[in-house]
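> Structure of the sequence below:
(one chain, ligands or ions: 3)
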Amino acid sequence: MIRILKGDAVSKLDQMHCKRIGQSSYELMETAVQGFIHWFEEQKFTGQEIFIYVGGGNNGGDGLGIARHLQQRNYQVTVVLCFNDEADLSADSKINFDRLPEGVSKISFEDFDFPSKGIFIDAFLGVGLKGKLRDSALPIVDSWNKQQGVKIAVDIPSGLLSEGIAEEKTSVACADYTVTFAFPKLSLLFPENAKVVGELVLVDIGIADSLYQEFESDLFYIQKKDIPERHRRFHRFSHKGDFGRILLIGGSLGKMGAVVLSAKSALRTGAGLVTCQIEESERFIIQASVPEAMVIGEDLKDLDAFDAIGVGPGWGVDNREKKLEFLLKSFSKPMVLDADALNVLSQNPELLSLLPKNSILTPHLGEFERLVGSCVNHLDRMGKASELSKKYQIILVLKGANTLISLPDGRQLFNSTGTHFMATGGAGDVLTGIITAFLGMGYSPENAAICGVFHHGLAGEYAGKIRFQGTIASDIIEQIPRTFEFVENS
Ligand SMILES: NC(=O)C1=CN([C@@H]2O[C@H](COP(=O)(O)OP(=O)(O)OC[C@H]3O[C@@H](n4cnc5c(N)ncnc54)[C@H](O)[C@@H]3O)[C@@H](O)[C@H]2O)[C@@H](O)CC1
Ligand SMILES: Nc1ncnc2c1ncn2[C@@H]1O[C@H](COP(=O)(O)OP(=O)(O)O)[C@@H](O)[C@H]1O
Ligand SMILES: [K+]
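Ligands and ions are numbered 1, 2, ... in the order given. Alright, predicted model coming up:
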């Protein structure tokens, strides 16, 4: 799994990579450029002039390489030179500058500062940015922000620091897409930066995962390639007991749909036996809508028969404190707590110390802040999530775009799957069902959380491609089976 490094570690990572595989830094830049071009061509942007803002560092060097490749593919390309003197160019950028074909138009920024229409590529500043933007850079960023058309940032939007937050006052070149190299810079994953980053695209430039281990960082990025090895494999003689007996506790008058969604999700994930513990009066809702699940209408006294328990979806908070306390005291295996179970915890924080070790809590940002108090920004939130995980030895799944998993040993993992089409009621209940199912199948809590979050996001992506903004939680459930295709084939 790749680590998310600090921006200033990038050049060291590059050097180590180049030395290890006998590549020059220019060749690495070329790999990045080609990765960008590959993505760009897949997008099928059509019929417009391309303007590339290039700075004097290696980010500008990427831009100059991109200009050459696009021109060779018959695009009409203009490079907007945002540096004073050719002599200031970094060595690799100079090579790309000298290789610019005649067909690429060159214009200095001073002569270009007027609004145009087209496709804009921001290769002005990358991770080499230090501190606040210099005054001389401000007009360039302002000009960029006034342009009309598709806007694509190379590696990172210019003006955004690799660990920074773009506040209203700060000047950052806003992008519709950010195509970043090797690993996502931390700031690209902050919700506060959503408007300046746009869609995030990660381009692999061939740096081995093992090289990242030589850098100290507790931050990781979960990708498809990390998933198959975390799955349990079953065999020809596996029976439903092997796939786990799970108990889902939740639902209340008017909120039974939440348990229905969790139960269906657990079954679609492969849970062997699903039992729902709900209010007796609501029994028929489950029996009619999920005939594969069993229903229990009273509080169970013996919980040991279950491999995993998920509690909270649609549960309500009234008179739940004692029930939650009983659960936490009677079940010693890790369990999943979501929604109202988290709200009950927030109202009764003394219950936190009863959580079975490695239990998985899945708050969205609102539920999280109810648990830990308000947070200034995502960095603050990340710190508080890690503290909570370490203090109570639990796994905290902070939901949202790029869901963050905090582990008791201090590691924090960002998920790469998901889409804004998942921002719909019940999507969280689906995640509860998926993670509880994995726990029931005997996955370690860490793997249940990682696989759960990854498959949930992927199912959401598949559903979003069919239903767009009409995606509902049931569509996500329908797509869960497809998310196992690549695991089976790997
Ligand atoms: N492993 C990777 O991630 C790779 C990165 N490459 C590219 O290399 C970039 C990093 O290149 P560099 O280290 O040359 O740095 P950059 O090109 O990001 O930035 C250096 C430039 O920023 C200017 N600058 C710094 N602080 C400023 C401030 N506060 N206000 C205004 N200007 C400021 C400097 O004067 C210099 O011109 C990456 O962002 C990426 O685009 C690729 O070429 C190859 C592989
Ligand atoms: N913009 C987004 N990008 C990716 N995933 C998202 C986005 N918005 C929501 N999600 C995912 O959808 C789920 C929503 O969960 P939650 O807020 O608990 O919804 P509910 O309580 O309605 O079930 C979470 O897993 C979250 O990560
Ligand atoms: K940039």
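> Please give the element, helix or strand, for Leu303.
Applying DSSP states H and E as the criterion places Leu303 outside every helix and strand.
> Which residue, other than its chain neighbours, is closest to it?
In space, and not counting its chain neighbours, Leu303 is closest to Phe331: 4.7 Å by Cβ to Cβ, 6 or more residues apart in numbering. To be clear about C-beta, it is placed using only N, CA and C from the backbone, and glycine gets the same treatment.
> check which helix or strand covers Gly149.
Assigned by DSSP H and E, Gly149 belongs to strand 148-154.
> what about the residue of the stretch 301-450 of the chain found nearest ligand 2, which SS state?
Among all residues of the stretch 301-450 of the chain, Gly428 sits closest to ligand 2, at 2.1 Å; criterion: Cβ to the nearest ligand atom. Following DSSP: H, G, I helix; E, B strand; the rest coil, we place Gly428 in the helix state.
> the domain parsing of this protein - what is it?
Here the domain parsing of the chain from automatic domain parsing is 2-210, 228-488.
> I'd like those laid out as CSV, including mean pLDDT, distance to Phe220 and mean neighbour count.
As requested, these are exported to CSV (pLDDT from 0 to 100; distance: least, Cβ to Cβ, whole Å; neighbours: other Cβ atoms under 10 Å):
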stretch, mean pLDDT, distance to Phe220, mean neighbour count
domain 2-210, 95, 6, 19
domain 228-488, 97, 4, 20
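> OK, contacts around Thr275?
Applying Cβ atoms under 8 Å, 6 or more residues apart in numbering, one finds that Thr275 lies in contact with Arg245, Ile246, Leu247, Leu248, Ala293, Met294, Val295, Ile296, Phe306.
> Return the backbone torsion pair for the fourth one.
Per-residue torsions, Leu248: phi -110, psi 130 (degrees, to the nearest 10).
> near ligand 3, which residues of the stretch 51-200 of the chain?
Counting by Cβ under 5 Å from the ion, the stretch 51-200 of the chain comes close to ligand 3 at Asp122, Ala153, Val154, Ser158.
> The second one and Leu211: what is the separation?
According to Cβ to Cβ, to the nearest Å, Ala153 and Leu211 sit 25 Å apart.
> still on that earlier bit, so which of the contacts of Thr275 reach ligand 3?
Applying Cβ under 5 Å from the ion to the contacts of Thr275, none is adjacent to ligand 3.
> Which single one of those is nearest to ligand 2?
Leu248 (13.8 Å).
> Any idea what that closest one is bridged to?
Beta bridges link Leu248 to Cys276, Gly310 when assigned by DSSP bridges.
> just to revisit the earlier point, neighbouring strands of the strand holding Gly149 in the sheet, and parallel or not?
Assessed with DSSP bridges, strand 148-154 is paired to strand 117-123 (parallel), strand 177-181 (parallel).
> Residues contacting it, please?
Strand 148-154 has contacts (Cβ under 8 Å, 6+ apart) with 36, 40, 45, 48, 59, 62-63, 66, 115-123, 126, 144, 173-179, 197-198.
> and with 6 Å instead?
By Cβ atoms under 6 Å, 6 or more residues apart in numbering, the residues outside strand 148-154 that reach it are 45, 62, 117-123, 175-178.
> and what of stretch 284-301?
Contacts for stretch 284-301 (Cβ under 6 Å, 6+ apart): Met256, Val260, Ala263, Lys264, Leu267, Val274, Thr275, Cys276, Gln277, Glu280, Arg283.
> again, but for stretch 60-76
Outside stretch 60-76, the residues that touch it by Cβ under 6 Å, 6+ apart are 29, 32-33, 36-37, 49-50, 52, 54, 77, 79, 92-93, 96-97, 99-101, 103-104, 123, 154.
> out of those, who's near ligand 1?
Met29, Ala32, Val154 (Cβ under 6 Å from any ligand atom).
> before we move on, back to that, which members of the contacts of Thr275 are positioned in strands?
Applying DSSP state E to these, the entries found in strands are Arg245, Ile246, Leu247, Leu248, Met294, Val295, Ile296.
> Just name the closest of these to Met16, please.
Distance ranking of those against Met16, using Cβ to Cβ, places Ile246 first at 45.0 Å.
> how about Glu350, secondary structure?
The three-state label given to Glu350 by three-state DSSP is helix.
> let me fix that: Asp340
helix.
> So it sits against Pro313, correct?
No - in this structure, Asp340 is not within contact of Pro313 by Cβ atoms under 6 Å, at 7.6 Å.
> Show me where the stretch 151-300 of the chain has its helices.
Under the criterion DSSP state H, counting those that start in this stretch, helices of the stretch 151-300 of the chain are mapped to 194-197, 209-212, 257-269, 283-289.
> I meant the stretch 1-150 of the chain, not that one.
Counting by DSSP H, counting those that start in this stretch, the helices of the stretch 1-150 of the chain are 10-21, 25-43, 58-72, 91-98, 109-112, 138-146.
> how about the nearest residue to Gly55 once chain neighbours are set aside, what does it touch?
Of all residues not flanking Gly55 in the chain, Phe124 sits nearest, at 4.3 Å (Cβ to Cβ, 6+ apart). Phe124 sits next to Tyr53, Gly55, Cys82, Ser158 when contact means Cβ under 6 Å, 6+ apart.
> Pull the most distant pair out of the residues you listed.
Cys82 and Ser158 (8.8 Å).
> how close does the residue nearest to the spatial centre of the chain get to Asp155?
Among the residues of the chain, the one closest to the centroid is Asn402, at 2.1 Å (Cα atoms, centre = their mean). To Asp155, Asn402 is 17 Å away according to Cβ to Cβ.
> again with Ala427
Distance of Ala427 to Asp155, given as Cβ to Cβ: 31 Å.
> coming back round to it: redo the domains of the chain as CSV? Include distance to Asp218.
Output for the domains of the chain, formatted as CSV (distance: least, Cβ to Cβ, whole Å):
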stretch, distance to Asp218
domain 2-210, 8
domain 228-488, 5
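> what does the stretch 301-450 of the chain have sitting close to ligand 2?
339, 364, 399-401, 403, 418-420, 422-423, 425-429, 431.
> Sort out for me which of the residues you listed are in helices.
Judged by DSSP state H, those include Ala339, Ala427, Gly428, Asp429, Leu431 as members of helices.
> which two in these are spaced the farthest apart?
So, these by Cβ to Cβ: farthest apart are Ala339 and Ala427, at 11.7 Å.
> Who are the packing partners of the longest helix seen in the chain?
The single longest helix within the chain, with elements called by DSSP H, is helix 445-467. Applying 3 or more Cβ pairs under 6 Å, 6 or more residues apart in numbering; DSSP states H and E, one finds that helix 445-467 contacts strand 395-398, helix 427-440, helix 473-479.
> how far off helix 257-269 does that helix point, in degrees?
Computed by axes from the mean of the first three to the mean of the last three Cα atoms, to 10 degrees, the angle separating helix 445-467 from helix 257-269 equals 100 degrees.
> So which residues make contact with helix 445-467?
Counting by Cβ under 6 Å, 6+ apart, 222, 227, 230, 334, 358, 360, 395, 397, 403, 405, 415, 417-419, 421-422, 431, 434-435, 438-439, 471, 475-476, 479-480, 482-483 sit against helix 445-467.
> Now do it and helix 427-440, the angle between them.
Here helix 445-467 runs at an angle of 140 degrees relative to helix 427-440 (the same axes, to 10 degrees).
> can you give me the offset of helix 445-467 from its chain's centre?
Relative to its chain's centre, helix 445-467 lies at 11 Å (Cα atoms, centre = their mean, to the nearest Å).
> Distance check, the residue of the chain most remote from its centre against Gly297.
What lies farthest from the middle of the chain is Glu102; by Cα atoms, centre = their mean that is 41.1 Å. Distance, Glu102 to Gly297, by Cβ to Cβ: 79 Å.
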